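# Sequence first, predicted model second:
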Amino acid sequence: MFINQILDGLKNIHKPQLKFLTVLLTTIFVCGSRINFSSLARHSALNEKTYRRNFRQVFNFIELNQAIINQSKCRIEAFAMDASFIKKSGKKTFGLDKFWNGCAGKSEKGLEASIISLVDVQENASFVLTVDQTEPNSEGNTRTDKYAEQLEKAADTISKYTRIGVFDGFYAKQKFVERTVVCGFTMISRLRQDANLRHLYLGEQKPKGRRRKFADKVDFNDLSKFEQSTAVIDQKEIKLYGAAVWSPSLKRKIKLAVVKFKNKSVNLFSTDLEMTAEDTFRYYRSRFSIEFLIRDAKQSGGLSDCQARDNKALEFHWNAALTSVNLARAMAHEKRIKGEKKPFSMKSLKQQFYNEHLLKLFICKSGLEQSLIKYEETLASLRNYAVIFS
């Protein structure tokens, strides 16, 4: 079984925890209801207290996720970082605070999971690397500082795969950009439509006095000073305009890439001044794959279902939920390598696991002749019952 192969290859893990993780990850795939302690206990042989106790144990999910990514043999070209709002009722849960809820379009009381993923740009797929809980603001330590600290903590691991990071517009702050560049990463993000930018002065300098650095302000209605190129996405032509400019808010030179499609315009930037507008646009487009990762984790991995109030248990649950999506992606990637090109659907994969689990349960409890039911064609039709993509 794929899950056993991955877990057996891990180092520094004792047998009881290895056994527990095997049961946990397998149970997540066969559980069709909300994935919490009670539901996990109903779908496996372990007691609810066993889950609660083990969720407070320390485990290196980064090593596990690395093993899954390496096993899938995907081509990692960038990493992405994003935060997801988690609804939580009650008053005693660690980390409760006001966080931005994108679905509601406003800040709400709840929890927030900060996620770093590695991106296969060609396949447009994200694999989670690590998840941290965003703690409430404290004096002298803002949320931007906490996101930067998380990135710095995972920098050595990320550097083994890529040095290009893609972020949404929230992270385009001078403090975060500076700390990202210090880690040795190229940052690609988005600017406001009315961003204050200055052209670099390339003309003749005065013989005396301070050298002139900047020319006039960037006018987004007049892009004649930019290098123009085109990109074709889904048979639609998109115009790209690139130029090195100065950003007063970021206090640094950046490579600006203005993307124009019909009447819409998006301002992207890269801290690498040599990066082309086409590459900046291509990398930034892959950022949205982390949104699909979070969606699958919430819909099928139980990311929002944790019953715990403890910080360690919450982070363990979130990591397990997102790691289950990694496993599903890796299994789908293996099928693609073998030539079976089909859309990825974690719900379909979970349905197959559930059908197979139920079939084995019927065989075991009823004492049926296994050789008749486990015949290849019969088993395949039973495994794919109610599956969207088989």
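Looks like it came in fine. What you are looking at is a predicted structure, and each value in this text was computed from that prediction instead of being measured.
# now the spatially closest residue to Glu108 that is not a sequence neighbour, which residues is it bridged with?
Distances taken as C-beta to C-beta, 6 or more residues apart in numbering place Asn101 nearest to Glu108, at 4.6 Å, with adjacent residues excluded. Heads up, the C-betas are built off the backbone N, CA and C, glycines and all. Beta-bridge partners of Asn101, counted by DSSP bridges, are Lys106.
# for this structure, what spans make up the strands?
Taking DSSP state E as the criterion, the chain contains strands spanning 78-86, 97-101, 106-120, 125-133, 164-167, 186-191, 198-200, 214-217, 227-233, 236-247, 252-261, 264-270.
# so which of those comes closest to Ser286?
Counting by C-beta to C-beta, Ser286 lies closest to strand 106-120 out of the strands of the chain; the figure is 5.0 Å.
# and that closest one, which residues are buried?
Within strand 106-120, the residues that qualify as buried are 110-120, counting by 16 or more other C-beta atoms under 10 Å.
# before we move on, what about stretch 24-34?
Using 16+ other C-beta under 10 Å as the test for burial, stretch 24-34 gives 24-31.
# That one: how far from the chain's middle?
21 Å (C-alpha atoms, centre = their mean, to the nearest Å).
# contacts for it?
With C-beta atoms under 8 Å, 6 or more residues apart in numbering as the contact definition, stretch 24-34 has outside contacts at 1, 3, 7, 35, 39-40, 43-44, 51, 54, 301-302, 305, 320-321, 323-324, 327-328, 349-350, 353-354, 357.
# Can you tell me which of those residues are buried?
In terms of neighbour count (16+ other C-beta under 10 Å), the buried residues within those are 3, 7, 35, 39-40, 43-44, 51, 54, 301-302, 305, 320-321, 323-324, 327-328, 349-350, 353-354, 357.
# hmm, back to that, among the contacts of stretch 24-34, which are located in helices?
Among those, the ones falling in helices (DSSP state H) are 3, 7, 39-40, 51, 54, 320-321, 323-324, 327-328, 349-350, 353-354, 357.
# Test my guess that Gly169 contacts Ala195.
No. At 10.0 Å, Gly169 and Ala195 do not qualify as touching, with contact defined as C-beta atoms under 8 Å.
# Which residue of these two possesses the greater neighbour count?
It is Ala195, of Gly169 and Ala195, that has more neighbours when counted by other C-beta atoms under 10 Å, with 18 against 13.
# Now that one: closest residue in space that isn't a chain neighbour?
Nearest non-adjacent residue to Ala195 (C-beta to C-beta, 6+ apart): Asn267, at 5.7 Å.
# was I right about Gln193 contacting Leu268?
No. Under the criterion of C-beta under 8 Å, Gln193 lies out of contact with Leu268, with a separation of 11.9 Å.
# For the two, indicate the residue with more neighbours.
Set Gln193 next to Leu268 and count neighbours by other C-beta under 10 Å: Leu268 wins out with 25 against 10.
# how close does the more buried one get to Leu40?
Leu268 sits 42 Å away from Leu40, taking C-beta to C-beta, to the nearest Å as the criterion.
# Domain map for this structure?
Here the domain parsing of the chain from automatic domain parsing is 60-305, 346-383.
# which of those is buried the deepest?
The highest mean neighbour count among the domains of the chain belongs to domain 60-305 (a mean of 17), with neighbours defined as mean count of other C-beta atoms under 10 Å.
# Ala313: which of the domains of the chain is closest?
With C-beta to C-beta as the criterion, Ala313 lies closest to domain 60-305 of the domains of the chain, at 9.2 Å.
# Quick one: distance of the closest one to the chain centre.
On the basis of C-alpha atoms, centre = their mean, domain 60-305 is displaced by 12 Å from the centre of the chain it belongs to.
# shaky segments in this protein?
Regions of the chain meeting the criterion pLDDT under 70 cover residues 1, 336-342, 367-378, 380, 386, 389-390.
# same thing but 80
With pLDDT under 80 as the threshold, the chain has low-confidence stretches at 1-2, 89, 137-140, 203, 209, 233-235, 333-343, 362-390.
# wait, which of the buried residues of strand 106-120 is closest to Lys239?
Top of the list for closeness to Lys239, among these and by C-beta to C-beta, is Val119 at 24.8 Å.
# quick one: the closest one and Ser289 touch, right?
Yes. In this structure Val119 lies within contact range of Ser289 using C-beta under 8 Å: 5.7 Å.
# joint contacts of those two?
80, 125-126.
# would you turn those into TSV with distance to Ala215?
Shown next, in TSV, are the shared contacts of Val119 and Ser289 (distance: C-beta to C-beta, whole Å):
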residue	distance to Ala215
Ala80	34
Ala125	42
Ser126	39
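# Looking at these, spot the one nearest Leu256.
The nearest member of the shared contacts of Val119 and Ser289 to Leu256, counting by C-beta to C-beta, is Ala80 at 20.6 Å.
# how about the nearest residue to that closest one, chain neighbours excluded?
Ile290 is the one closest to Ala80 (C-beta to C-beta, 6+ apart), at 4.2 Å.
# pretty sure the one you found is in contact with Ser84, am I right?
No. Using C-beta under 8 Å, Ile290 and Ser84 do not qualify as a contacting pair, with a distance of 9.2 Å.
# anything in contact with each of those two?
Between them, Ile290 and Ser84 share the neighbouring residues Ile115, with contact defined by C-beta under 8 Å, 6+ apart.
# sorry, back to before: pretty sure the residue nearest to Ala195 sits against Lys260.
No. With the criterion set as C-beta under 8 Å, Asn267 and Lys260 do not qualify as a contacting pair; they are 10.3 Å apart.
# Can you pull the phi and psi angles for Lys73?
Comment: the main-chain dihedrals of Lys73 come out as phi 60, psi 40, following degrees, to the nearest 10.
# if I look at Ala104, how far off is Lys91?
In this view, Ala104 and Lys91 are 20 Å apart by C-beta to C-beta.
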